[in-house]
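[1] quick check, what structure comes out for this input:
(one chain, ligands or ions: 2)
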Amino acid sequence: MTEATSGAGESAVAGTSRTPILSVRDLQAAYRGPEGMIPAVRGVSLDLYPGEVLALVGESAAGKSSVALATLGLLPSTAEVSGSILYQGESLLDLKGDDRRRVRGGEIAMIFQDAMAGLTPTLRVGEQVAEIFLAHERLDPKAARAAAIVALRPLLPDAERIVDAYPFQLSGGMAQRVMVAMATALGPKIVIADEPTANLDPAVRLETLNWLEDMRNRGTAVMLITHDFGVVARLADRVMVMYGGVVAEEGDVFTIFRRPRHPYTYGLLSSLPGVMSGARLTPMRGNPPDLASLGEECAFLERCPKAVSQCRLDPSPPLVDAGPLPGSDEPPAPGHRVACFNPMAIDLREGRDR
Ligand code: ATP
Ligand code: MG
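    Ligands and ions are numbered 1, 2, ... in the order given. The predicted structure is shown next:
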């Protein structure tokens with residue numbers, strides 16, 4: 001189990017006293033598998049602030065999407081969830097019926113990795129976009145259709161035609177634009193984007209990044225899940241590195257890129273040809289842990305170049321302040337936390353472990 005990233009209401013951002021719009025504490029999510037429960041999220045805590053982009057990174061099966069889906073109440077009914085998720089003080093895990101609909105899609109919008117899969121195949125595009133206005137603004141069907149066209153037009157100039165199309169008649173880029181229009185329509189306070197740039201051609205990818213940046217600049221809080229460190233470098237204010245369902249490290253983007261303390265973060269970064277070049281993450285040696293059979297040792301042990309004896313005995317190094325980098329005069333970066341018994345002491349500008 002990890003420590004909370006910061007106390008409720010207390011800012012993790014240096015020099016500010018902002019209040020988080022989303023506070024997750026000790027989130028646990030487990031899926032029922034053929035051989036028992038799979039603990040996909042194991043005590044994750046995070047704060048998300050208005051007008052910031054928090055990037056969740058980590059290899060496949062780290063639990064990133066599970067955090068996002070739990071926040072929106074979209075985990076399958078077979079999943080067991082505990083902990084707390086507060087949105088403006090309201091408990092999302094307890095929301096039901098109309099309240100849940102108001103928040104989901106209205107105040108918290110989601111962009112899925114596969115835009116096409118996010119659309120209902122049997123409903124015309126216009127009906128799906130209009131549904132948002134029917135559900136959230138109680139417009140009549142005619143007004144909702146007109147609102148759908150208005151919502152689509154900035155992204156798709158021939159919106160009048162597209163409202164009558166079925167999703168299979170759209171290209172991947174058009175489907176992405178429809179999803180972005182739906183996510184923008186009601187002026188959400190939070191956008192959760194799960195791999196929003198995967199499988200897109202460069203023009204739509206850039207458009208999507210510009211849109212996320214624009215949302216952030218307008219004060220929307222963005223939770224961005226990505227494997228693409230180029231996207232992290234361009235958009236993220238803070239980074240949370242997940243491994244095997246826990247937070248391995250978190251901090252502001254400059255600190256994470258320059259002074260990663262967790263050997264896993266370091267492994268991710270050093271496997272890139274150039275972290276600022278937009279290169280995609282390439283796997284480091286070894287594989288992510290099998291969540292169905294976690295042992296009594298640190299889940300990263302097998303792959304870790306820095307393991308010490310304590311790592312064999314305790315599976316849960318606490319997430320604590322990273323503190324100053326040994327041998328450096330620079331003060332520690334506020335909000336930089338690491339869950340490791342023997343953290344790296346490296347400055348990637350210098351390229352050596354101290
Ligand atoms: P990726 O980068 O591949 O999207 P992720 O970090 O988003 O990975 P999750 O999708 O949250 O990871 O999955 C975490 C773990 O939970 C994985 O082991 C996955 O197999 C398991 N899992 C996810 N969804 C389900 C489900 N519906 N039923 C059973 N297990 C699931
Ligand atoms: Mg995922």
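
[2] A29 sits in which helix or strand?
    Using DSSP states H and E, A29 sits within strand 22-33.

[3] just the element for the nearest residue to A292 once chain neighbours are set aside, please.
    Using C-beta to C-beta, 6 or more residues apart in numbering and skipping the chain neighbours, the partner closest in space to A292 is I38 (5.4 Å). C-betas here are computed from N, CA, C, even on glycine. Per DSSP H and E, I38 falls inside strand 36-48.

[4] quick one: contacts of the following helix or strand past that strand?
    Downstream of strand 36-48, the next assigned helix or strand under DSSP H and E is strand 53-57. Here strand 53-57 makes contact (C-beta atoms under 8 Å, 6 or more residues apart in numbering) with 46, 48, 64, 67-68, 212, 216, 221-227, 229, 231-232, 235-242, 253, 268, 281.

[5] surely the residue nearest to A292 touches S293?
    No - using C-beta atoms under 8 Å, I38 makes no contact with S293, being 9.9 Å away.

[6] and ligand 1, which of the contacts of strand 53-57 reach it?
    By C-beta under 6 Å from any ligand atom, the members of these lying near ligand 1 are K64.

[7] among the contacts of strand 53-57, which are in strands?
    46, 48, 221-225, 238-242 (DSSP state E).

[8] by neighbours, which of those wins?
    L224 (29 neighbours; other C-beta atoms under 10 Å).

[9] related to what we said a few turns ago, in the strand holding A29, what's buried?
    For strand 22-33, burial by neighbour count (16 or more other C-beta atoms under 10 Å) applies to 22-31.

[10] and if you look at stretch 253-264?
    Buried, per 16+ other C-beta under 10 Å, within stretch 253-264: 253, 255-264.

[11] quick one on the thing from earlier: which of the buried residues of strand 22-33 sit farthest apart?
    Largest separation among the buried residues of strand 22-33 by C-beta to C-beta: S23 and Y31, giving 23.9 Å.

[12] list the buried residues for stretch 65-82?
    So stretch 65-82, judged by 16+ other C-beta under 10 Å, has buried residues 65-73, 75, 79, 81.

[13] what does that stretch contact?
    Contacts to stretch 65-82, defined as C-beta under 8 Å, 6+ apart, come from residues 22, 24, 26-32, 37, 40-41, 44, 46, 56, 85, 92-93, 95, 100, 104, 108, 110, 192, 194, 223, 225, 242, 245.
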